[in-house]
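**Q** Following is a predicted model, sequence given first.
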Amino acid sequence: MLNFESYTVKKNLILKFSGFYPPGSAGNKHAQFIAETVTSYLNKDKPEDKFSGLPLNIILDFSELEYMSGDAIAGVALPFIKHNRSLSIFATGKTKLALLHLAQLSILSSKLIKISDHFEELMVK
């Protein structure tokens, strides 16, 4: 299974996932774990205050995630789209390239989603 940690930096909540993400459908449980974790944070919002208790920006840190393929990972965007929240994904190397390729074919192409290998670029100051 994947490793997970969370921390905040000013107005940014960082959700860091690391480890090996199996290719293809073998990675579905990993995608489900990521999506459920993200959803648990987004559900902390109160209906009367859209951003209650959460920093303005959420960054999924995949810098130590070994991902090569599997479209289920695109599902991590669904909770953000559902909550009309932007999603920033920090990824490097082959993981970034694989996510950018997937983004051309999936909901990761949404205007709400940004994938970058420059962490500072994703941060809200």
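**A** Structure's in. What do you need?

**Q** got the residue ranges for the helices in this structure?
**A** Taking DSSP state H to define them, one finds helices in the chain at 28-42, 77-82, 93-103, 119-122.

**Q** ok, the most centrally placed residue in the chain - contacts?
**A** Central residue of the chain (Cα atoms, centre = their mean): residue 60, 3.7 Å from the mean position. Residues in contact with residue 60 (Cβ atoms under 8 Å, 6 or more residues apart in numbering) are 15-17, 34, 38, 76, 87-90. The way it works is simple: take the backbone N, C-alpha and C, and place the C-beta from them, glycine included.

**Q** Then residue 114?
**A** 86-89, 122.

**Q** Now the buried members of those residues.
**A** Among the contacts of residue 114, those buried by neighbour count (16 or more other Cβ atoms under 10 Å) are 86-89, 122.

**Q** Which neighbouring elements make contact with the least confident helix or strand in the chain by mean pLDDT?
**A** Across the helices and strands of the chain, mean pLDDT, DSSP states H and E gives its lowest value to helix 77-82, namely a mean of 82. Contacts defined by 3 or more Cβ pairs under 8 Å, 6 or more residues apart in numbering; DSSP states H and E place helix 77-82 against helix 28-42.

**Q** ok, residues contacting the helix it packs on?
**A** With Cβ under 8 Å, 6+ apart, helix 28-42 has contacts from 1-2, 4, 6, 13, 15, 17, 21-22, 54, 58, 60, 70, 72-73, 75-76, 78-80, 82-83, 85.

**Q** quick one on the thing from earlier: and the buried ones among the contacts of residue 114 as JSON lines, adding distance to residue 27 and pLDDT?
**A** Converted to JSON lines, the buried ones among the contacts of residue 114 look like this (distance: Cβ to Cβ, whole Å; pLDDT from 0 to 100):
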{"residue": "86", "distance to residue 27": "24", "pLDDT": "82"}
{"residue": "87", "distance to residue 27": "19", "pLDDT": "86"}
{"residue": "88", "distance to residue 27": "21", "pLDDT": "93"}
{"residue": "89", "distance to residue 27": "16", "pLDDT": "95"}
{"residue": "122", "distance to residue 27": "23", "pLDDT": "93"}
